[in-house]
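Asker: A predicted structure for the sequence below; I have some questions about it.
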Amino acid sequence: MQLRHARSLLFLPASNARAIAKARTLPCDMVILDLEDAVADDAKDMALASAVEALGEGFGGRLSAVRINVEGTPWHGVEMITVKTTGADYVVLPKVEHPKQVKDVFSVCQKPVIAMIESARGVLAAPAIAAGEGCAGLFMGNNDLRKDLGIPPSADRAGLSFAMQAVVLAARAAGIAVFDGVFNRLDDEAGLELECAQGHALGFDGKTLIHPAQVTVANQAFGPDAQAVADARRLIEAATGGAERFEGRMIETMHVEEARALIARAQAVGQ
Ligand SMILES: CC(C)(COP(=O)(O)OP(=O)(O)OC[C@H]1O[C@@H](n2cnc3c(N)ncnc32)[C@H](O)[C@@H]1OP(=O)(O)O)[C@@H](O)C(=O)NCCC(=O)NCCSC(=O)C[C@H](O)C(=O)O
Ligand SMILES: [Mg+2]
């Protein structure tokens, strides 16, 4: 699967063997083994060994990634060298604020990097980060970003909206994938549905997740539904080129291209 077609990208602590086993049973499009904030300092070495073992066994047809710790931590160097030797499809780099951070990880790991934008500086540098060497995609890190911006934990996403749109713009200008941040409220399915719909409407390709119960909701929100696929097929069938009327609306060549992309996405996710 192409990165841009991923709808559900599930984080789990690489130190959690039960979560690793569970991930292999879930319909998520990507599994992200976390070595950073989900893993306590005294469990980092164990988590790295566990990630290597898990990647050796693989995750079926799902994309795989490892989130490493940032430069300046005691774990960054050994994690880069170790991840290089695994079958991980991507390296996720947290707290990116400069394209050189991505380039350095890419040059050591020799794997495409997904950069997390989690600070005001990161948002302002997002166009350069997205266009830089080795960068395959961007993740919103909305927990850290909210903290950096001084937005209270109880607030809705209105204060993050400008930043999220800036990150989507940066990714699109560079032609790379971009994914919404995680939703922390584990028992609020209605809230997750609303946030997925919001992320979809903002242009994100999919959503990063933290719990198995969130996977199906994200897949439904970001996968084209049967109605959208049927509409796209009718549009392609009807189009003759140039501006014309189709079912009460104006369509042009770009609408045909958009319909083809939607069908390609539906096929990629098995719908
Ligand atoms: C959030 C959790 C700590 C909740 O854990 P818990 O209450 O124990 O979960 P459940 O009892 O409901 O679990 C039920 C079963 O599902 C498995 N499970 C749980 N979470 C996952 C998962 N993420 N992936 C796969 N499987 C999972 C459990 O093992 C149970 O199965 P079983 O044992 O067989 O019964 C926990 O969900 C969790 O740790 N989530 C991931 C946390 C994480 O990775 N965080 C880092 C990413 S968040 C981020 O990036 C923020 C960003 O940086 C920012 O700034 O915004
Ligand atoms: Mg973070």
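Answerer: Ah, there it is. Ligands and ions are numbered 1, 2, ... in the order given.
Asker: correct me, but residue 3 touches residue 90?
Answerer: Yes: contact status for residue 3 versus residue 90: in contact at 7.3 Å, counting by CB atoms under 8 Å. Bear in mind the C-beta positions are built from the backbone N, C-alpha and C, glycine included.
Asker: Need the overlap of contacts for the two.
Answerer: Common contact partners of residue 3 and residue 90 (CB atoms under 8 Å, 6 or more residues apart in numbering): 63, 112, 114, 136-137.
Asker: Leaving out chain neighbours, which residue sits closest to residue 71?
Answerer: residue 101 (6.6 Å; CB to CB, 6 or more residues apart in numbering).
Asker: Check which residues of the helix or strand hosting the one you found are buried.
Answerer: Take DSSP states H and E as the rule and residue 101 turns out to sit in helix 99-109. Under the neighbour-count criterion of 16 or more other CB atoms under 10 Å, helix 99-109 has 99, 101-106, 108-109 buried.
Asker: Report all helices and strands that it contacts.
Answerer: Applying 3 or more CB pairs under 8 Å, 6 or more residues apart in numbering; DSSP states H and E, one finds that helix 99-109 makes contact with helix 76-84, strand 90-93, strand 113-117, helix 120-131, strand 135-140.
Asker: Quick one: closest of these to residue 8.
Answerer: With CB to CB as the criterion, residue 8 lies closest to strand 135-140 of the helices and strands packed on helix 99-109, at 13.2 Å.
Asker: which residues sit against that closest one?
Answerer: With CB under 8 Å, 6+ apart, strand 135-140 has contacts from 3-4, 9, 90, 92, 99, 102, 106, 112-118, 126, 129-130, 160, 163-164, 167, 170-171, 174, 176-181, 204, 208.
Asker: just checking: which of these also lie near ligand 2?
Answerer: By CB under 5 Å from the ion, the members of the contacts of strand 135-140 lying near ligand 2 are residue 118.
Asker: Longest helix in the chain, by number of residues?
Answerer: Counting residues, the longest helix in the chain under DSSP state H turns out to be helix 253-268.
Asker: by contact count, what packs against that one?
Answerer: Looks like helix 253-268 contacts helix 226-238 (3+ CB pairs under 8 Å, 6+ apart).
Asker: Show the average pLDDT along the helix or strand following the helix it packs on.
Answerer: Per DSSP H and E, the first helix or strand lying C-terminal to helix 226-238 is strand 244-246. On average, the pLDDT along strand 244-246 is 97.
Asker: Mind listing what's buried along strand 244-246?
Answerer: residue 246.
Asker: what's the offset of it from the middle of its chain?
Answerer: Taking CA atoms, centre = their mean, to the nearest Å, one finds strand 244-246 lying 36 Å from the centre of the chain it belongs to.
Asker: quick one: strands adjacent to it?
Answerer: Partner strands and pairing direction for strand 244-246 (DSSP bridges) are strand 249-251 (antiparallel).
Asker: Next up, the contacts around the closest residue to ligand 1 within the stretch 51-200 of the chain.
Answerer: Nearest to ligand 1 in the stretch 51-200 of the chain, going by CB to the nearest ligand atom, is residue 143, at a distance of 3.1 Å. Residues in contact with residue 143, defined by CB under 8 Å, 6+ apart, are 118, 181-182, 184.
Asker: Could you measure from the closest residue to residue 17 other than its chain neighbours over to residue 76?
Answerer: In space, and not counting its chain neighbours, residue 17 is closest to residue 50: 6.7 Å by CB to CB, 6+ apart. Using CB to CB, to the nearest Å, we find residue 50 at a distance of 18 Å from residue 76.
Asker: how much space is there between the spatially most central residue of the chain and residue 204?
Answerer: The chain has residue 179 as the residue nearest its centroid, 3.7 Å off, counting by CA atoms, centre = their mean. For residue 179, the distance to residue 204 (CB to CB) stands at 6 Å.
Asker: and what of residue 2?
Answerer: Distance from residue 2 to residue 204, by CB to CB: 15 Å.
Asker: How about the residues of this structure by ligand 1?
Answerer: 10-13, 18-19, 22-23, 34, 37-38, 94, 118, 141-144, 181-182, 210-212 (CB under 6 Å from any ligand atom).
Asker: Low-confidence stretches in the chain?
Answerer: For the chain, applying pLDDT under 70 flags no range at all.
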